[in-house]
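Colleague: take a look and give me a structure for this.
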Amino acid sequence: MITANLVKELREKTGAGMLDCKKALEATNASIEEAITWLREKGISKALKKADRIAAEGIAAILVEGNNAAIIEVNSETDFVAKNSEFTTMVNDILAVIIKSDVSSVEDVLALSTSEGTVNDLIIAKTAKIGEKLSLRRFTKVTKNDTESFGTYIHMGGKIAVLIKAEGLTKEVASEVAMHAAAMRPLYTTSSEVPTDVLDKEKEIMKEQLLNEGKPADKIDGILVGKVKKYYEEVCLEDQIYVKAENKETVKEFVSKNSGKLISMIRYEVGEGMEKRNENFAEEVAKQIGNN
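Modeller: Modelled structure (predicted):
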């Protein structure tokens, strides 16, 4: 008897779609091992072979609909595939279901329904068709009220995406701030967001540097005030010098001058913090030719 659990087990082991798994089990008298062989012979379990590959390229994208916005990063193995219309259409399809749903984790998103089954089914199908490992790495859904605004910026066709939420700013000004964030790589929106343990560690490093430079121990606390301020200017969006400013005004000052206040910033840079492929495209092609 072919049960739902059996289909689920085969699907998890092969990455094949639900209907294909059911067909494989029917064709092999519900034998998991024989069903795996059946799927491989049919070329359906291609996605499984790519599960351990590195996918650190891809696209970061944003969708805004009224008071809702969603930002995601979907990865591929090569930049070439990230520009493929099949891949970009899949990214847009995932964004479209996220923005209409109440989801809080990647697992929640993978279970959402699309016109081609679940999001997970869609990714598996595209992995098999395109021939590279594809994966949804992360997402954030943001909502606002009518007095708030979204600012967005996409850099280099999706290498970097920034979503700003602000109070009192026009969409255009908020998007200017998003462009600044794309260029200057802030880690936090405001200094109050810097975790205490992170700041304490930075202070310890600063103290050691000052002691190694021979600064008097009784002067260090005073010097630290300036160093912490400098640290905030590097990692906090509001404290950074606005890239288009001619008079050294900060982003906070620029926003305030435009009668607004920053609420949040989400910045995705494709592949940040991930292991990168160390082989080039020509080597990959040569490897594939050699395997055929």
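
Colleague: most centrally placed residue in this structure?
Modeller: Compute the mean C-alpha point of the chain, and by CA atoms, centre = their mean the closest residue is E73, 3.1 Å away.

Colleague: and the helix or strand harbouring that residue, what other elements does it pack with?
Modeller: Per DSSP states H and E: E73 is located in strand 68-76. Under the contact criterion of 3 or more CB pairs under 8 Å, 6 or more residues apart in numbering; DSSP states H and E, strand 68-76 touches strand 57-65, helix 85-98, strand 135-143, strand 160-167, strand 261-269. C-beta here means a position set from N, CA and C on the backbone, and glycine is covered the same way.

Colleague: could you identify which of the ones you listed is most buried?
Modeller: Most buried of those, by mean neighbour count (mean count of other CB atoms under 10 Å): strand 160-167, with a mean of 24.

Colleague: and the helix or strand just after that strand with strand 261-269, angle?
Modeller: Of the helices and strands lying after strand 160-167 in sequence (DSSP H and E), the nearest is helix 171-184. Taking axes from the mean of the first three to the mean of the last three CA atoms, to 10 degrees, one finds helix 171-184 and strand 261-269 inclined to each other by 50 degrees.

Colleague: name the helices or strands packed onto helix 171-184?
Modeller: strand 148-155, strand 160-167, helix 251-257, strand 261-269.

Colleague: reformat the ones you listed as JSON lines; add mean pLDDT.
Modeller: Output for the helices and strands packed on helix 171-184, formatted as JSON lines (pLDDT from 0 to 100):
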{"stretch": "strand 148-155", "mean pLDDT": "97"}
{"stretch": "strand 160-167", "mean pLDDT": "98"}
{"stretch": "helix 251-257", "mean pLDDT": "97"}
{"stretch": "strand 261-269", "mean pLDDT": "97"}
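
Colleague: out of these, which is closest to Y188?
Modeller: Nearest to Y188 among the helices and strands packed on helix 171-184 is strand 261-269 (8.0 Å), distances taken as CB to CB.

Colleague: tilt between the closest one and strand 57-65?
Modeller: Using the same axes, to 10 degrees: strand 261-269 against strand 57-65 is 150 degrees.

Colleague: return the helix or strand in the protein with minimum mean pLDDT.
Modeller: None of the helices or strands of the chain scores lower by mean pLDDT, DSSP states H and E than helix 281-291, at a mean of 48.

Colleague: packing partners of whatever helix or strand L122 lives in?
Modeller: Taking DSSP H and E as the criterion, L122 maps to helix 119-130. Under the contact criterion of 3+ CB pairs under 8 Å, 6+ apart, helix 119-130 touches helix 46-49, helix 85-98, helix 106-110, strand 135-143.

Colleague: just the angle between it and strand 68-76, please?
Modeller: 40 degrees.

Colleague: can you list the domain ranges for this structure.
Modeller: Recorded structural domains for the chain (assignment: automatic domain parsing) are 4-49, 51-143.

Colleague: now the shortest one: mean pLDDT?
Modeller: Within the predicted structure, the mean pLDDT of domain 4-49 is 80.

Colleague: right, and A166 touches M265 too?
Modeller: No - counting by CB atoms under 8 Å, A166 sits too far from M265 to count as a contact (9.3 Å).

Colleague: now T170: closest residue in space that isn't a chain neighbour?
Modeller: S149 (6.5 Å; CB to CB, 6 or more residues apart in numbering).

Colleague: residue contacts, the one you found?
Modeller: 165-171, 174 (CB atoms under 8 Å, 6 or more residues apart in numbering).

Colleague: now do K229
Modeller: Neighbouring residues of K229 by CB under 8 Å, 6+ apart: D239.

Colleague: what helix or strand does it sit in?
Modeller: Short version, using DSSP H and E: K229 is in helix 220-235.

Colleague: report the inter-axis angle for that helix versus helix 171-184.
Modeller: Here helix 220-235 runs at 120 degrees with respect to helix 171-184, directions being taken by the same axes, to 10 degrees.

Colleague: residues of helix 220-235 that come out buried?
Modeller: 220, 224, 227-228, 231-232, 235 (16 or more other CB atoms under 10 Å).

Colleague: and V7, which helix or strand is it part of?
Modeller: Assigned by DSSP H and E, V7 falls in helix 4-14.

Colleague: alpha carbons only: can I get that helix in CSV?
Modeller: The C-alpha trace of helix 4-14 is given here as CSV (Å, rounded to 0.1, in the frame of the first residue of the first chain):
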residue,chain,number,x,y,z
ALA,A,4,1.4,9.5,2.2
ASN,A,5,4.4,8.9,4.5
LEU,A,6,6.0,6.6,1.9
VAL,A,7,5.6,9.3,-0.7
LYS,A,8,7.0,11.9,1.7
GLU,A,9,10.0,9.7,2.5
LEU,A,10,10.8,9.1,-1.2
ARG,A,11,10.4,12.8,-2.0
GLU,A,12,12.8,13.7,0.8
LYS,A,13,15.4,11.2,-0.4
THR,A,14,15.2,12.1,-4.1
